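[1] Take this sequence and fold it.
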Amino acid sequence: MQVTETSAEGLKRQYRVVVPAQNCESQLALRLQELGRAVRVPGFRPGKVPMSLLKRRYGKAAMGEIVERVVSDSSSQVIAERGLRPAGQPKIEIVSLPEGADLEFNVALELMPDITPMDFAELELERLAIEVPEAEVEEAVQRLAERQRKSEPIAAPRPARKGDVLVIDFVGRIDGVEFPGGTASEQYLELGAGWMIPGFEDQLEGAGPGDHVTVKVTFPADYPKPELAGKAAEFAVDVRQIREPVAVPVDDELAKTHGLEDLAALRASVRDRMQGEYASVARGRLKRQLLDVLAARHDFELPVGLVEAEFGAIWERIERERAAGGLDPEDVGKSDDVLRAEYRDIARRRVKLGLLLSDVGRLNNIQVTAEEVNRALMAEAQRHPGRERQVVDFYRKTPAALGQLRAPVYEDKVIDFILELARVSERKVSPQELIELEKPAAAGEPAVDDKEKSAKKPATKKSGAGKKAAKKE
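    Okay, here's the model as predicted:
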């Protein structure tokens, strides 16, 4: 095999590969011999079919198989012998097919950049530690009790007031025509809970059992169903019954409804959950700090193919959102040229951070164990109650999807490795201080691990989701 480097520009490489004709011809002969032992040709015993007949009947198809195998093997050999690290699948272009002559083809590929990670001991970061006040724990427990409360019919007739639960039937119309989803029977509605369109519940205050009320409202401009957004509607409402909420005591019985032994155990469980939620927010803030510094302190050439693939995934989501009327408000009114430029910058940042973290993991032999992947799989399955088995089966039968579960686990391990080397100071703050500190993050630059929350699409080490989700991290 003869290999000639024909182009070397930045990370791009191209090679001309020539495989001698006898190589392909010898493999063709072996393949035809295999076929001769397997195929049945009238007038000939198995294994006795003349080579000339086999070549005439099966030669073209067999040569196609051989060319495909030779090109694949030769391309892998070119990459391995030169110690190349491709940033994607090589592109193959056949220059000339054998037919008695040498096989010639071009191999074009982009390489992974050479990255020299900074000395992570130079990093100075701040970790926030949050202590959950007992008052917040008590408020959370009280909310649990409120969600458990039931209602009972009022003892004496009176007009409905805020906090009451009405049992109603209603029919909604727009321009006199009923619309899908606008009709219900024996609907339980707590006045003041904000379950319905703004203004709907207010107009039912003062009503009594047996009353017929015409409720006039306008759907919000950002209503999830575009065909209803901003439109005026009338609802014919019949009030069947007025009920009063019945408070649930905060006691051991409340704890038992949540599978816990007593009230003390319930409080401890609530405290742990709240502590975990605040810790997750604090870690996200620390991670953003780290990624911002890493992005600023490293500069290397990016593979164009990876950037374009990342941008393409982001832009595809933007177009879906725009078609569904759910475009990020910040993007409304911007031209495609402006949006493309903004999202391409995000794609470059994502690719840069993805490659850097991947390289840090590779250089330090950071691995994801089968147990860690299994834990991530179980956590994903629990997000789909009643379908856990189907989710597990899907991921185990789909290596690419399983890889998407593995990627954030790998990334978090690399992040933890870097944080162990960095100088991380700790500052105690209250939950309210943490919330205030997080507000500016909404307008910040996205992190590489952001997920497309709106589309529920998981990110990979080298692939992100889009600016809208990034702003929410």
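
[2] what residues are up against V250?
    By CB atoms under 8 Å, 6 or more residues apart in numbering, V250 lies in contact with V141, Q142, A145, L263. Bear in mind the C-beta positions are built from the backbone N, C-alpha and C, glycine included.

[3] same thing but at 10 Å, please
    By CB atoms under 10 Å, 6 or more residues apart in numbering, the contact set of V250 is E138, V141, Q142, L144, A145, E146, Q148, L263, L266, R267.

[4] swap in K216?
    G199, F200, Q203, A232, A233, E234, F235.

[5] Pull out the buried residues from the residues you listed.
    Among the contacts of K216, those classed as buried by 16 or more other CB atoms under 10 Å are F200, Q203, A233, E234, F235.

[6] which residue ranges form the helices in the stretch 351-473 of the chain?
    Taking DSSP state H, counting those that start in this stretch to define them, one finds helices in the stretch 351-473 of the chain at 370-382, 388-397, 399-421, 431-438, 467-470.

[7] quick revisit: inside strands: which ones of the contacts of K216?
    A232, A233, E234, F235 (DSSP state E).

[8] Model confidence score at K216, please.
    Per-residue pLDDT puts K216 at 96.

[9] For E201, see how far away it is.
    Going from K216 to E201 by CB to CB, to the nearest Å gives 13 Å.

[10] quick one, which of the helices of the stretch 351-473 of the chain is packed in tightest?
    Highest mean neighbour count among those (mean count of other CB atoms under 10 Å): helix 467-470, with a mean of 23.

[11] Ramachandran angles for K12?
    Note on K12: backbone dihedrals following degrees, to the nearest 10 are phi -90, psi 140.

[12] Distance of it relative to D345?
    K12 sits 22 Å away from D345, going by CB to CB.

[13] next one: I66
    Taking CB to CB, one finds I66 at 46 Å from D345.

[14] Comparing the two, which shows the higher neighbour count?
    More crowded of I66 and D345, by other CB atoms under 10 Å: I66, with 20 against 14.

[15] which ones are touching A108?
    T6, S7, K12, R13, Q14, Y15, P90, K91, I92, E93.

[16] again with M378
    E388, V391, V392.

[17] Please apply the same query to V360.
    With contact taken as CB under 10 Å, 6+ apart, V360 is in contact with I115, P117, F120, L294, I366, V414, I415, F417, I418.

[18] Let's see that with 6 Å instead.
    P117, V414 (CB atoms under 6 Å, 6 or more residues apart in numbering).

[19] do L266 as well
    Going by CB under 6 Å, 6+ apart, L266 touches A255, L260.

[20] Report the secondary structure element holding it.
    helix 263-297 (DSSP states H and E).

[21] Show me where the stretch 151-300 of the chain dips below the pLDDT cut-off.
    Low-confidence regions of the stretch 151-300 of the chain, defined here as pLDDT under 70, do not occur.

[22] what ranges do the helices span in it?
    Per DSSP H, counting those that start in this stretch, the stretch 151-300 of the chain carries helices over the ranges 252-257, 263-297.

[23] Checking the closest residue in space to Q2 that isn't next to it in sequence next. Helix, strand or coil?
    Nearest residue to Q2 in three dimensions, chain neighbours excluded: V18, at 4.3 Å (CB to CB, 6 or more residues apart in numbering). Classification of V18 using DSSP: H, G, I helix; E, B strand; the rest coil returns strand.

[24] The nearest residue to A247 once chain neighbours are set aside: how many residues sit nearby?
    Leaving aside its sequence neighbours, A247 sits nearest to R149 (CB to CB, 6+ apart; 5.8 Å). Number of residues near R149 (other CB under 10 Å) recorded here: 11.

[25] quick one: R149 from A156, how far?
    Distance of R149 to A156, computed by CB to CB: 21 Å.

[26] ok, now V78?
    Per CB to CB, V78 is found 90 Å from A156.

[27] more neighbours, these two?
    The neighbour count for V78 versus A156, taken as other CB under 10 Å, is higher for V78 (19 against 4).

[28] Okay, and that one sits in which element?
    V78 belongs to helix 51-81 when elements are defined using DSSP H and E.

[29] Partner strands of whichever helix or strand comes after that helix and their direction?
    Per DSSP H and E, helix 51-81 leads on to strand 91-96 as the next helix or strand towards the C-terminus. Paired strands of strand 91-96, with direction, are strand 103-110 (antiparallel) (DSSP bridges).

[30] Next, the buried residues of the partner strand.
    For strand 103-110, by 16+ other CB under 10 Å, it's L103, E104, F105, N106, V107, L109, E110.

[31] Reformat these as a markdown table; add pLDDT and distance to E124.
    Shown next, in a markdown table, are the buried residues of strand 103-110 (pLDDT from 0 to 100; distance: CB to CB, whole Å):
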| residue | pLDDT | distance to E124 |
| --- | --- | --- |
| L103 | 88 | 58 |
| E104 | 90 | 56 |
| F105 | 92 | 52 |
| N106 | 94 | 49 |
| V107 | 94 | 45 |
| L109 | 95 | 39 |
| E110 | 95 | 35 |
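
[32] out of these, who's nearest G36?
    The shortest gap between G36 and any of the buried residues of strand 103-110 belongs to L103, at 23.5 Å (CB to CB).

[33] pretty sure that closest one is touching V17, no?
    No - the criterion here is CB atoms under 6 Å, and L103 misses it with V17 at 8.2 Å.
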